[in-house]
Each structure stands twice: as structure tokens, then as C-alpha cells.
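Visitor: With the sequence up front, the predicted model follows.
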Amino acid sequence: QKEVEQDPGPLSVPEGAIVSLNCTYSNSAFQYFMWYRQYSRKGPELLMYTYSSGNKEDGRFTAQVDKSSKYISLFIRDSQPSDSATYLCAMSRDTGGSYIPTFGRGTSLIVHP
Amino acid sequence: IAGITQAPTSQILAAGRRMTLRCTQDMRHNAMYWYRQDLGLGLRLIHYSNTAGTTGKGEVPDGYSVSRANTDDFPLTLASAVPSQTSVYFCASSPDRMNYGYTFGSGTRLTVV
């Protein structure tokens, strides 16, 4: 079992839908949780960054962390075709002074007009 | 424009040849990383450097070497390329070894034939 599990999709939704993207993890030591967005043939870009449990909102995006369930989510409201991309979750913990993240495999999202 | 520059953008390489992938950042970030991204496997860490003059091995270091002579540059060398090293390679950086989220380059698409 991988430390971080993420359904690869693809997830196809109509424009305007609320999108829910999720990751589960097995290591309770993870402290920092991130979501990256990756457009085709581009590098990942950081979307959201949270520490420990709770919610964080940034515009149409909300990141949620439930450490008791080892489950993190990214919600996208009023989805747009420009949101079509692969979304990677990532999480990190102290490994002897470094916090190098473990990435999920990514979920492909398609928002059709 | 601040960020990470990777070169070349793409390359076809004969097996057995030596190749160096270049990575330069202008953000004065202390920590730098090399990942490979393969379909179905996600991002896997090859090597990292927490600060100039130091390097460390990631999840898949075999067949690769790195050096960090200064803060800005972090080249990745394939000493003798093999077809299994066909992949997309991403360089990334963060302000320091504490992970506040990475900045990624646009990637090098490498095909070993």
C-alpha cells in the first residue's frame, strides 16, 4: 500500500459543478498538506497549503484536512473549463530535519462547457 | 521573471550516452529537488539538496548523480542512459528544507532509445 492514495480519475464534470478531490494516507505523522495543479505538459504549481487539521479557503478553492480519518479533500466551487488539469495532493513530515513531501499520483479533472 | 529554468525542454538520447539536465533558479531558494514523473507512478524524488554543498538521495537515485556547487544551479547527470530513464524530469525548489510548498520548473521530456 502506498503512503498516499489518490484516485487517478478521470473525473468529468459540467461547468459550474462543485468538484471534490480526495486523498487518503496511512502515516499519521504527516503534518503539512498541499494541493498542486498541473496543466498538460507543464510543471505542478502550488494551489493550497495547510498545516494540521481544519479548513482553508482561497477563492473558489477549499482545502480540508481530517487527520483523525487520514483524509484530505480539495473542493472547487463553480468549476470552469480552465480548471481542467491534474490535481496532485502532497503531504510531508519531519524526516530528520527535512520535510520532503510524498505525492499522490494525481487526479485528472475535466470540466466541460 | 523569478522562477526555475530547465534545459533542454526535450531530448532524444541514445542508450549508453551521458547527459546532464540543467536547472537554474533565481529565487535564492536554499533547497532544490529533482523528480521524475511517469504515467501511473506519479512524482518520484531522485535527489535533493537542502543547501549549497550538500546533496541527498531520494526514492529512485540509481543511475543519477547531482551536484550543488552554488545556490542557483542543481544539474542532474545520467552517466549512462538506459531506456527505463525515459521520463519527464522536474526540478523544484523551496526556500529551505522546511516545506512551504515547492516551485517547479516546466520539465525536461527525455526519451532514451
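Guide: Thanks, I have the structure now. Numbering: from 1, shown residues only, chains lettered A, B, ... in the order given.
Visitor: so how far is residue B:68 from residue B:94?
Guide: Going from residue B:94 to residue B:68 by Cβ to Cβ, to the nearest Å gives 14 Å. C-beta here means a position set from N, CA and C on the backbone, and glycine is covered the same way.
Visitor: So the residue nearest in space to the middle of chain B: helix, strand or coil?
Guide: Centroid-nearest residue in chain B, with Cα atoms, centre = their mean: residue B:34, separated by 3.0 Å. Residue B:34 carries the three-state label strand when classified by DSSP: H, G, I helix; E, B strand; the rest coil.
Visitor: Would you map the strands across chain B?
Guide: Under the criterion DSSP state E, strands of chain B are mapped to B:4-7, B:10-13, B:19-25, B:31-38, B:42-49, B:56-57, B:64-66, B:76-78, B:87-94, B:103-104, B:108-112.
Visitor: Which of those strands sits closest to residue A:6?
Guide: Closest of the strands of chain B to residue A:6 is strand B:42-49, at 8.1 Å (criterion: Cβ to Cβ).
Visitor: Please save the CA atoms from that closest one in PDB.
Guide: Below are the C-alpha coordinates for strand B:42-49, written out as PDB (Å, rounded to 0.1, in the frame of the first residue of the first chain):
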ATOM      1  CA  GLY B  42       3.300   9.900 -10.100                       C
ATOM      2  CA  LEU B  43       6.200  12.100  -9.000                       C
ATOM      3  CA  ARG B  44       9.200  10.300  -7.500                       C
ATOM      4  CA  LEU B  45      12.100  12.000  -5.900                       C
ATOM      5  CA  ILE B  46      15.600  11.300  -7.400                       C
ATOM      6  CA  HIS B  47      17.900  13.500  -5.400                       C
ATOM      7  CA  TYR B  48      17.700  16.600  -3.300                       C
ATOM      8  CA  SER B  49      19.900  19.300  -1.800                       C
END
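Visitor: Within its sheet, name the partner strands of that strand and how each one runs.
Guide: Applying DSSP bridges, strand B:42-49 is found paired with strand B:31-38 (antiparallel), strand B:56-57 (antiparallel).
Visitor: okay, those strands in a markdown table with distance to residue A:29 and mean pLDDT next?
Guide: Listed next are those as a markdown table, based on distance: least, Cβ to Cβ, whole Å; pLDDT from 0 to 100:
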| stretch | distance to residue A:29 | mean pLDDT |
| --- | --- | --- |
| strand B:31-38 | 20 | 96 |
| strand B:56-57 | 19 | 94 |
